[in-house]
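Undergrad: Predicted structure and sequence below. I'll ask about it afterward.
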Amino acid sequence: MSHQKKLSPGAPAPPANTNRVGLTRADYDGSKTTLCPGCGHNAITGGIIQAAFEAGLEPHRVAKLSGIGCSSKTPAYFLGRSHGFNAVHGRMPSIATGVHLANRELLLIGVSGDGDTASIGLGQFCHLVRRNVPVVYIVENNGVYGLTKGQFSATADVGSTMKSGQINDLMPIDLCAIAIELGCGFVARSFSGDQKQLRPLLKAAFAHRGTAVLDVISPCVTFADHEGSTKSYAAVKEHDSPLHEIDFVPYYEDIHVDYEPGTTREVQMPDGSHIVLKKLAQDYDPTSRDRASEVLHEARRESKLITGLLYVDEAKPPFTDELKLGPAALAKLPLERVRPERAVLDAIMEQLRTGKGIAAASGGG
Amino acid sequence: MKSVVNDFSIHVATVNGSGSQTANSVLLRAIFQMGIPVSGKNLFPSNIAGLPTWFTIRVSRDGYVARRKQSEILVVMNPETAADDIAAMPPGSVIILNEQIQVGSIPGDRIVYRVPMPKLMEAITTDVRLRRLVVNMIYVGVLAEKLGIHEDEIERALDAQLGRKPKALALNHAAVRAGWEYARTNLPKSDPFTLERMNANQGKILIEGNTAGALGAMFGGVTVVTWYPITPSSSLVESLIGYLEKHRRDAKSGEATYAVVQAEDEIAAIGMVLGAGWAGARAMTSTSGPGISLMAEFAGYGYYAEIPAVIWDIQRIGPSTGLPTRTSQADISFVHQLSHGDTRHPVLLPSSARDCYDFGMQAFDLAERLQAPVFVLSDLDLAMNLWTSEPFPYPDQPWDRGKVLSDEQLEKLPKFERYRDSDGDGIPYRTLPGTKDSKGTYFTRGSGHDEAARYTESPEVYQRVMERLARKMATARNLVPPPVITEDAGAKIGLIAFGSTHWAMVEARDQLRAAGLPSGYLLLKALPFNDDLKRFAKDYERLYVVEQNRDGQMADLVRLELGDLATRVRSVRHFDGMPIDARAVSEPILALEGKTAAKAAPVAEGAAR
């Protein structure tokens, strides 16, 4: 397939190695990674840089957020021209919510891990999704606590082993299943080793209006890449079972698909972009919430790793709509918009003087 | 019998959820309208309906508004507590008894007004549920008639409360009337207590501290409010929501200039505030002790990463759940140092409704100026009881958004370093996300960082940053509201207090004077202390720090601050969950000073005082 760029007449052609906002790929780099060589997280970092470059994100309109853990260090390694916020353990969702309320013009990219999201931060994760706060929420999922040297996390599969041989007996928490249950409007699962799938998913997530959850299996080369780990490179490659091939066509490009008619599905995003899904073994409908849950149950039963766009619902209103916020960032409102005038205070004082028009005292009684 | 004019307390014992709140508010407001200094203390259980609740109305021609332990008039509406309530009343006191309630014999030197309340209600409505709710208005009528509250005043107060519900208004009015008539016809006046008009309340308002705090926040330009429901904090946010809905939403488009989020817990509430503050909003949350405990980790983050935030702590009493509906000042040292590892926060200490309003605004200015979480420490007594106040003035200053660099300012700078102290006051410059100039970009972290916000574990850099944060706190000493000092001539003792304790201090100092003990008084308005404290301490041989907690937390902080003057500090503590009364201040001080109190006049002779 191919896309044709829509060029406005008379506009000078951008230099060859720059994107539509005139930046090079290097402009999306961050500082050098300090993670282990071969870590899946580094590949995801590369994917984010490439996707941001290709999508032409303006770095100053992006805020990067994370919690605590190996994965949460990564926002320092991409988009060095964006503000970043490395929060406390498991609490990135509340920070993201606050940032969004203050400045809804920002695109929020949150990076978390399985420990950060599925254990200490599970509550905040659920409530972020429930509110549909617009955040691209990437979980770099390796089933272990890397930074504290290899303890199981809550996403470790039953029967998966630690390096020491210890077996995990507890049921894993499936973050995609939870997100779908909570009505998340964009739920995807991917693999750090499959950039072809990850990049279009990221770009689609950038265009989504609410919470977008991307659970990306990302092997830990130091503590979970051994035989017996279900999240090793070998295990993931063996069990990876993509639902479809994915392409993302941004709003500023014409959609022109070479696939045979009837072999694809398209999902239109609110900004006019399209996700194009090429059918593989089955015709998977990502707009069916029931089907998405079913697929995850099947995958668990059959020990398969289902990847792709699991569920999408572009009609779900984001949190800002629920709150009826105006278009301007709250942080930028001038004093006269947020301090009511003198007459308002005078009227309130009059109510408090006469007791008229105020509610009765609170408390018991 | 000499009459006792405008100087007594009425103690109403009812059942929670029985509708007595309206009756008590009407009574209090009617007295307020008569121009008499009046205050109310609501003593309620942690319960929705069924448990005992008390409401005390104090009238004081001298203007005292602190709680008094002893009441002169009791209204008995709760069979469960009737025996104990009656036993607590002294000779010469008045007992208004709902006749339906069976009580043992009452000593003959108590004046008892028996009122057949159920029977009076029968004539008013056939609805049994309404009878139960409206019956409280009968005692309002009886009290009004016996004490001399003009019926017009009751009507006005009733109208203010229920004017928008004509049916309820009529019903309540009928009940007041029935009580009034019954008292006039059947209960000859045999007590000395009367109310006479004064002119103490001209132009004044009646307001709860939480409502005042909410108004401060709104006029301070709050844009993000997050909260998790908890007593006694909830009414601050609920009142704020009410005002914001009305005054900060565009009538036509419905668009709001604020966001309120009921968070999943207090950790999320403060997280949202930090996120919003980092991105440039004026953000606040309000909670109480248990919520403060949960916020500890993020509070330290805000301190170390230097993010503005406003956090109200409406103190209740006790470790753990404690007594959720009782008051205290027991969070002070915890809040001041909330979080691990050398953390310190500015803490504002409102002592009046007016302070709640002022600090509600000022806290934002300070948080943005200092780039730090700022705590406002109120308490249940201040927050949830009604206080008389002069009306609040409209702010005469614009806001202070602190050191935030715009794109234009950044452009002129050769470089930007987020945590560089270029002004020598310990306060660096910040940029907000969304800033175009990539020079202004930085990565915020709670881990070790250098002046350029880069990750580091360098011992020298860590120490340097922490020393700068201490410098910033030193700057805060002269930015937070200063203490208020009043001094008696010839005083050898200095008193120090803060928050709602102030009102007992005012009265206690009069009691001390009456016993021949003049005093100086320093009312603290904030932490960290400024130099006024040391100057004040030097002038007095002994310093009494009065507070509402077990361990004398403020006394300890004062000792630490005073260094070699610390031996002058003595501690007076009150911590049973009831608002502190003046005697709890004056008696221990008189004892420690080797003096005896001027004898309190017995009730029946009260008028002679």
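TA: Yep, it's here. Numbering: from 1, shown residues only, chains lettered A, B, ... in the order given.

Undergrad: Would you mind listing what in the stretch 1-150 of chain A touches chain B?
TA: Contact residues (Cβ under 8 Å from any Cβ of the partner chain) of the stretch 1-150 of chain A with chain B: A:59-61, A:63-64, A:75-76, A:80-88, A:91, A:93-103, A:105-106, A:123-124, A:126-127, A:131. Bear in mind the C-beta positions are built from the backbone N, C-alpha and C, glycine included.

Undergrad: Using ChimeraX, define a selection of the buried residues within these.
TA: A single ChimeraX command selects the buried members of the residues of the stretch 1-150 of chain A next to chain B (16 or more other Cβ atoms under 10 Å in any protein chain shown):
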select /A:59,60,63,64,75,76,80,81,82,83,84,85,86,87,88,91,93,94,95,96,97,98,99,100,101,102,103,106,123,124,126,127,131
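
Undergrad: What about the residues of the stretch 1-150 of chain A next to chain B, which are in strands?
TA: Members of the residues of the stretch 1-150 of chain A next to chain B lying in strands (criterion: DSSP state E): A:63, A:64, A:83, A:84, A:85, A:86.

Undergrad: could I get those residues as JSON lines with pLDDT?
TA: Converted to JSON lines, those look like this (pLDDT from 0 to 100):
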{"residue": "A:63", "pLDDT": "98"}
{"residue": "A:64", "pLDDT": "98"}
{"residue": "A:83", "pLDDT": "98"}
{"residue": "A:84", "pLDDT": "98"}
{"residue": "A:85", "pLDDT": "98"}
{"residue": "A:86", "pLDDT": "97"}
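
Undergrad: what's around residue A:16, how many residues?
TA: Burial of residue A:16 is recorded as 6 neighbouring residues (other Cβ atoms under 10 Å in any protein chain shown).

Undergrad: Same question for residue B:87.
TA: Quick note: residue B:87 (other Cβ under 10 Å) scores 10 neighbours.

Undergrad: Could you check the pLDDT of it?
TA: pLDDT, residue B:87: 97.

Undergrad: Residue B:49 now?
TA: 83.

Undergrad: in what helix or strand does it lie?
TA: Take DSSP states H and E as the rule and residue B:49 turns out to sit in neither a helix nor a strand.

Undergrad: Please report the distance of it from residue B:20.
TA: Look at residue B:49 and residue B:20: by Cβ to Cβ, to the nearest Å, they are 12 Å apart.

Undergrad: which of these two has more neighbours?
TA: Shown here are residue B:49 and residue B:20; by other Cβ under 10 Å, residue B:20 has more neighbours (29 against 11).

Undergrad: Contact partners for that one?
TA: A:365, B:12, B:14, B:53, B:55, B:77, B:136 (Cβ atoms under 8 Å, 6 or more residues apart in numbering or on different chains).

Undergrad: Look up the closest residue to the last one, ignoring the ones flanking it.
TA: If you skip the residues right next to it in sequence, residue B:136 has residue B:23 as its closest partner in space, 3.6 Å away by Cβ to Cβ, 6 or more residues apart in numbering or on different chains.

Undergrad: residues in contact with that neighbour?
TA: Applying Cβ under 8 Å, 6+ apart, the residues near residue B:23 are B:12, B:136, B:137, B:139, B:140.

Undergrad: Distance from stretch B:270-289 to the middle of the chain?
TA: The chain centre lies 21 Å from the centre of stretch B:270-289; the measure is Cα atoms, centre = their mean, to the nearest Å.

Undergrad: Show me which residues of it are buried.
TA: Buried residues in stretch B:270-289, counted by 16+ other Cβ under 10 Å: B:270-289.

Undergrad: now swap in stretch B:379-391 and tell me
TA: In terms of neighbour count (16+ other Cβ under 10 Å), stretch B:379-391 has its buried residues at B:379, B:380, B:381, B:382, B:383, B:384, B:385, B:386, B:387, B:388, B:389, B:391.

Undergrad: Following the helix or strand encompassing the fifth one in sequence, what is the next regular element?
TA: Assessed by DSSP H and E, residue B:383 sits inside helix B:380-384. The first helix or strand that comes after helix B:380-384 along the chain, using DSSP H and E, is strand B:386-389.

Undergrad: where in chain B is pLDDT low?
TA: B:599-609 (pLDDT under 70).

Undergrad: the domain parsing of it - what is it?
TA: By the record's domain assignment, chain B is partitioned as B:4-194, B:207-389, B:407-477, B:484-592 (automatic domain parsing).

Undergrad: got those domains as JSON lines, with distance to residue A:284 columns?
TA: Shown next, in JSON lines, are the domains of chain B (distance: least, Cβ to Cβ, whole Å):
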{"stretch": "domain B:4-194", "distance to residue A:284": "50"}
{"stretch": "domain B:207-389", "distance to residue A:284": "33"}
{"stretch": "domain B:407-477", "distance to residue A:284": "37"}
{"stretch": "domain B:484-592", "distance to residue A:284": "60"}
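
Undergrad: can you tell which of the ones you listed is closest to residue A:195?
TA: domain B:407-477 (25.1 Å; Cβ to Cβ).

Undergrad: hmm, the closest one in reach of chain A?
TA: Yes: residues of domain B:407-477 are located near chain A by Cβ under 8 Å from any Cβ, namely B:431-436, B:438, B:441-447, B:455.

Undergrad: Just among those residues, which is most surrounded?
TA: Neighbour counts for the residues of domain B:407-477 next to chain A (other Cβ under 10 Å) peak at residue B:433, which has 28 neighbours.

Undergrad: Endpoints of stretch B:573-589, how far apart?
TA: One end of stretch B:573-589 sits 11 Å from the other (Cα to Cα, to the nearest Å).

Undergrad: what are the ranges of the helices in the stretch 1-150 of chain B?
TA: For the stretch 1-150 of chain B, the helices defined by DSSP state H, counting those that start in this stretch occupy B:20-33, B:82-87, B:117-122, B:128-134, B:136-147.

Undergrad: JSON lines please, covering those and showing distance to residue B:349.
TA: Rendered in JSON lines, the data for the helices of the stretch 1-150 of chain B read as follows (distance: least, Cβ to Cβ, whole Å):
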{"stretch": "helix B:20-33", "distance to residue B:349": "26"}
{"stretch": "helix B:82-87", "distance to residue B:349": "34"}
{"stretch": "helix B:117-122", "distance to residue B:349": "44"}
{"stretch": "helix B:128-134", "distance to residue B:349": "39"}
{"stretch": "helix B:136-147", "distance to residue B:349": "36"}
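
Undergrad: re the thing from before, now tabulate the contacts of residue B:23 in TSV and tack on neighbour count and distance to residue B:560.
TA: Output for the contacts of residue B:23, formatted as TSV (neighbours: other Cβ atoms under 10 Å in any protein chain shown; distance: Cβ to Cβ, whole Å):
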residue	neighbour count	distance to residue B:560
B:12	30	44
B:136	29	50
B:137	31	53
B:139	29	51
B:140	28	51
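
Undergrad: Among these, which pair sits farthest apart?
TA: Most distant of those, by Cβ to Cβ, are B:12 and B:137, 12.1 Å apart.

Undergrad: Contact partners for the residue most central in space within chain B?
TA: With distances taken as Cα atoms, centre = their mean, residue B:382 lies nearest the centre of chain B, 1.8 Å away. Contacts were defined as Cβ under 8 Å, 6+ apart; by that measure residue B:382 touches B:209, B:350, B:351, B:352, B:353, B:356, B:499, B:500.
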